[in-house]
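1. Here is a sequence with its predicted model. Questions after.
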Amino acid sequence: MKLKATPKQDNKSVGERSEAIILARFIELGFHVFCPWGENHRADMLIEDEDENLHRIQCKTGRVYRECVRFNTVSSYAHHRKGGKRNYRGQIDYFAVYVPKILKYYLVPVDLVGMKEGVLRLEPTKNNQEKYVRWAKDYEL
């Protein structure tokens, strides 16, 4: 019997794949990982560091655009009564970002990214400007 599957490309399926891949990466690196049960939690997982501190992680799928990794730093609540979008400030510690196009992982503190989007630079800017640039290599997981 030959099995064949075509990955779904809707936002929820893409996000679930990234979350599973990130979970495997943390385990591969030796972290203890704790996963909340159910849906609609602000953190997708908790990781325990070597000092036994817990860190709240929100998983995101990154995309490459104009020599940068970009990822959303808000969640949509259009399906809830109040609707709208909410950022994660004060509710998580890090974004764990998986970028399928380049097969890279990044761990970015929530306070170092914008309220709507996170941007990590892969290549130097054309004018060599470096002020306020967050280099992707500095956040690799």
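-> That came in fine, so what should we check first?
2. Distance from the longest strand along the chain to the middle of the chain?
-> Secondary structure of the chain per DSSP state E: the longest strand is strand 54-61. Distance of strand 54-61 from its chain centroid, counting by CA atoms, centre = their mean, to the nearest Å, is 6 Å.
3. just stretch 113-128 next, same as before
-> Worked out by CA atoms, centre = their mean, stretch 113-128 lies 15 Å from the chain centre.
4. Just the buried residues of the longest strand of the chain, please?
-> For strand 54-61, burial by neighbour count (16 or more other CB atoms under 10 Å) applies to 55-61. Where C-beta positions appear, they are placed from N, C-alpha and C, glycine not excepted.
5. again, but for stretch 59-74
-> Using 16+ other CB under 10 Å as the test for burial, stretch 59-74 gives 59-62, 68-73.
6. From the residues you listed, pick the one nearest residue 131.
-> Of all these, residue 131 sits closest to residue 68, with 15.6 Å by CB to CB.
7. show me the contacts for residue 44.
-> For residue 44, the contact set (CB atoms under 8 Å, 6 or more residues apart in numbering) comprises 19, 22, 35-36, 57-59, 96.
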